[in-house]
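In: Sequence first, predicted model second:
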Amino acid sequence: MSAQSDAAMPALTQRLALGTAQFGLAYGLNNQAGQPTTLAVAEVLAAAQAAGLTLLDTAAAYGNSEARLGELAGDNAAFSLITKLPAGPPAQVAQHLAESLARLRRGKLYGVLFHAFGPLQAQPAAWQALQAARAAGQVARIGVSLYHPHEAEWLLAQGWDLDLVQVPYNVLDQRFAGVLPRLAAHGVEVHVRSAFLQGLLLREPASLPPFFQPLAPKLHQLRALAHEAGVPLAAALLLFAAYAPGVARAVIGVDSVANLHENLRAASYLAAAETLRPALAELAEPTDTFILPYAWPPRP
């Protein structure tokens, strides 16, 4: 590894969180291997810790991800954990949090997010449960996972005391670009997910399923831009998300140590990737059905 990458590595690891949906589910458009084994998860966690990537992002809804993390990292103080819960009546939220803490084998978490904005807006009293958990020292940061920019605008307008949000952000999905710096200016720690859009942005354009064929020209252009700049495609995508204005961290999902190391090697391309940012910003896709995975057709 070059001296340049050694110097850049700490900065990148501090801008990443390790997503763990893959640890509990067969996750992602390109996933052919299914859920990794316990040994594979343990190896990924050991490699992440060795590299200094120690913030883990999970959720009660990610299959048995919380339980696996509790077993493999629950007593490892090097790791900080974020989980996600459904919104509901405060007593129910408190119960869900207690169950997550038990599965994770932790007394305190770095962050707890509500899984979605709609249920929280419908049951705003749920917020009181997270405020109480923060006041009691069970969690350092509280917030919500968002899907649409108008949700962030509403939260800012209401003046809620958020510490943390997670939003989708990638070369095609730049809908949050305008609001992220404002969230950061209000003291909100912004995490972005879907840098690779569940692997869609890494697909060879010729291999796209028919539904995604209209994206082929942009994916060809994306590959050409990265190639001309001498930046691996995955590195260009990851750095575009992780260093976007207002962003504190990018959540990445990996299913092997090799996959993790590939992501971390992106650090050595940071300067070149930043020169690409204006051109990549032009690839923003206005069609929600292509950039919102819940609108995609079911996998065959």
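Out: That came in fine, so what should we check first?
In: show me what contacts the nearest residue to Ser194 once chain neighbours are set aside?
Out: Nearest residue to Ser194, sequence neighbours excluded (CB to CB, 6 or more residues apart in numbering): Pro168, at 4.3 Å. (Glycine included, C-beta is placed from N, CA and C.) Contacts for Pro168 (CB atoms under 8 Å, 6 or more residues apart in numbering) come out as Tyr147, Arg175, Phe176, Val192, Arg193, Ser194, Ile291, Leu292.
In: Which of those fall within helices?
Out: Judged by DSSP state H, those include Ile291 as members of helices.
In: From the contacts of Pro168, which land in strands?
Out: Cross-referencing those against strands under DSSP state E gives Val192, Arg193.
In: So which of the contacts of Pro168 is the closest to Ala116?
Out: Tyr147 (7.0 Å; CB to CB).
In: Kindly provide the distance from the closest one to Asp173.
Out: Per CB to CB, to the nearest Å, Tyr147 is found 10 Å from Asp173.
In: overlap in contacts of the two?
Out: Joint contacts of Tyr147 and Asp173 (CB under 8 Å, 6+ apart) are Leu292.
In: if you count what's nearby, which of these two comes out ahead?
Out: Asp173 (23 against 17; other CB atoms under 10 Å).
In: Quick check: nearest residue in space to the more buried one, chain neighbours excluded?
Out: Ile291 (4.0 Å).
In: does the nearest residue to Ala195 once chain neighbours are set aside sit in a helix, a strand or a coil?
Out: Nearest non-adjacent residue to Ala195, counting by CB to CB, 6+ apart: Ala241, 3.8 Å away. Secondary structure, DSSP: H, G, I helix; E, B strand; the rest coil: Ala241 is helix.
In: Ala241: neighbouring residues, count only.
Out: 24.
In: ok, now which ones touch it?
Out: Applying CB under 8 Å, 6+ apart, the residues contacting Ala241 are Tyr169, Asn170, Val192, Ser194, Ala195, Val247, Ala250.
In: Then Ala236?
Out: Leu222, Leu225, Ala226, Ala229, Tyr269, Ala273, Leu276, Leu280.
In: Now, these that are in helices?
Out: Leu222, Leu225, Ala226, Ala229, Ala273, Leu276, Leu280.
In: out of those residues, what pair is the most spread apart?
Out: Using CB to CB, the ones in helices among the contacts of Ala236 reach their maximum pairwise distance at Leu222 and Ala273, which is 12.5 Å.
In: Give me the pLDDT value at the nearest residue to Pro293 once chain neighbours are set aside.
Out: Of all residues not flanking Pro293 in the chain, Gln198 sits nearest, at 5.6 Å (CB to CB, 6+ apart). We note a pLDDT of 90 for Gln198 in this prediction.
In: So which residues of the chain form strands?
Out: Under DSSP E, the chain gives strands at 16-19, 55-57, 80-85, 109-114, 139-145, 164-168, 189-193, 249-253.
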